[in-house]
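**Q** Could you look at this predicted model? Sequence included:
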Amino acid sequence: MMLFLIGTFAWMARPPFRFMQVLKQIHFIGVKSLFVIVLTGSFTGMVLGLQGYYSLRKFGAEGLLGSAVALSLIRELGPVLSALMVTGRAGSAMTAEIGIMRITEQIDALETMAVSPMQYLIAPKLLASILIMPLLASIFDVIGIYGGHLVGVELLGVSSGSYTGSMESSVEWKDVYGGMLKSLSFGLIMAWICTYKGYHTTMSAEGLGQATTDAVVLSSVLVLIWDYFLTSVLL
């Protein structure tokens, strides 16, 4: 798997550069995932606002609700949940697409025409995932913060000024930087695992189904494991 990743980066740096393929993958991975990101982000923020309010009220610290919601989303939940959502929606589709091309010998046809499958199929997906995941996580964070504001301020009566004020005073640049770094690495992990499993699927329908399942499960587990290690380093 490591040789597969190194080979993909090597082909990514060689001409011809497939800009249209990258744009196509950005549209597929990013734009088509917007609905699920917005939906998940809004309800995650609303749940955080609800749970955070009742937890902080025990200590008389309802004014810190904005800080709790923003830090939870920016540091952890935004990058992790957006990566898991994109893995389930786009990662599984990538594995199935490449796996079907392997089974129907379209990848062999590309090699026969002297077109590198690594450069034409894998590299654009990897590059697009790395570029688009921080943007999706940022959208997730913003929508989640507004969801927490909706529940905390409009529904539960927390002061709007204290919500935004505590958020502005507690969120630092290192929190945002850490979240973006996590998103970049999660995008790389998701595309790497899913394209590898599809590229090396066995030549059967059962093997393709197994490869798709393995790709989603392994990507999700690695995202959570890598999140722990990155958090321990960045804190």
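**A** Thanks, I have it.
**Q** and the residue of the chain most remote from its centre, what helix or strand is that in?
**A** No residue in the chain sits farther from the centre than residue 60, which is 35.4 Å out by C-alpha atoms, centre = their mean. According to DSSP states H and E, residue 60 maps onto no helix or strand at all.
**Q** With residue 85 as the reference, measure out to it.
**A** Using C-beta to C-beta, to the nearest Å, one gets 36 Å for the distance from residue 60 to residue 85. Placement of C-beta: from N, CA and C, glycine included.
**Q** ok, for residue 64, nearest residue in space, not its chain neighbours?
**A** Among residues not flanking residue 64 along the chain, residue 166 sits closest, at 5.0 Å (C-beta to C-beta, 6 or more residues apart in numbering).
**Q** what's near enough to touch residue 69?
**A** 45, 48, 49, 52, 144, 145, 148, 149, 152, 167 (C-beta atoms under 8 Å, 6 or more residues apart in numbering).
**Q** What mean pLDDT does the helix or strand hosting it get?
**A** Element membership for residue 69, per DSSP H and E: helix 65-72. For helix 65-72, mean pLDDT is 87.
**Q** before we move on, which element is the residue nearest to the spatial centre of the chain in?
**A** The centroid of the chain falls nearest to residue 83 when counting by C-alpha atoms, centre = their mean (2.3 Å). Assigning secondary structure by DSSP H and E places residue 83 in helix 78-86.
**Q** Same question for residue 15.
**A** Here residue 15 is covered by no helix or strand, with elements defined by DSSP H and E.
**Q** Share the number of residues neighbouring it, please.
**A** Residues within reach of residue 15, counting by other C-beta atoms under 10 Å, total 6.
**Q** so what's residue 200 up against?
**A** Counted by C-beta under 8 Å, 6+ apart, residue 200 has contacts 102, 211.
**Q** For it, report the pLDDT, please.
**A** 88.
**Q** relative to helix 78-86, how tilted is the longest helix seen in the chain?
**A** Counting residues, the longest helix in the chain under DSSP state H turns out to be helix 205-234. Interaxial angle of helix 205-234 relative to helix 78-86 (axes from the mean of the first three to the mean of the last three C-alpha atoms, to 10 degrees): 180 degrees.
**Q** ok, now which ones touch the residue lying closest to residue 24 once chain neighbours are set aside?
**A** Using C-beta to C-beta, 6+ apart and skipping residues adjacent in sequence, the residue nearest residue 24 is residue 124, 7.3 Å away. Going by C-beta under 8 Å, 6+ apart, residue 124 touches 18, 21, 22, 24, 25.
**Q** rewinding a little: which element, helix or strand, includes the residue nearest to residue 64?
**A** helix 160-170.
**Q** What helices and strands are in contact with the next helix or strand after that helix?
**A** Using DSSP H and E, the next helix or strand after helix 160-170 towards the C-terminus is helix 173-199. Helices and strands touching helix 173-199, by 3 or more C-beta pairs under 8 Å, 6 or more residues apart in numbering; DSSP states H and E, are helix 2-12, helix 78-86, helix 92-103, helix 123-149, helix 205-234.
**Q** Alpha carbons only: can I get the shortest one in PDB?
**A** Pointing back at helix 78-86 there. Extracted C-alpha coordinates of helix 78-86, given in PDB (Å, rounded to 0.1, in the frame of the first residue of the first chain):
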ATOM      1  CA  GLY A  78     -15.700  18.900  12.000                       C
ATOM      2  CA  PRO A  79     -12.700  17.100  10.400                       C
ATOM      3  CA  VAL A  80     -13.600  13.600  11.600                       C
ATOM      4  CA  LEU A  81     -17.300  13.600  10.800                       C
ATOM      5  CA  SER A  82     -16.900  15.200   7.400                       C
ATOM      6  CA  ALA A  83     -14.200  12.600   6.600                       C
ATOM      7  CA  LEU A  84     -16.500   9.800   7.600                       C
ATOM      8  CA  MET A  85     -19.400  11.200   5.600                       C
ATOM      9  CA  VAL A  86     -17.300  11.700   2.500                       C
END
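**Q** Kind regards, and thank you for your time.
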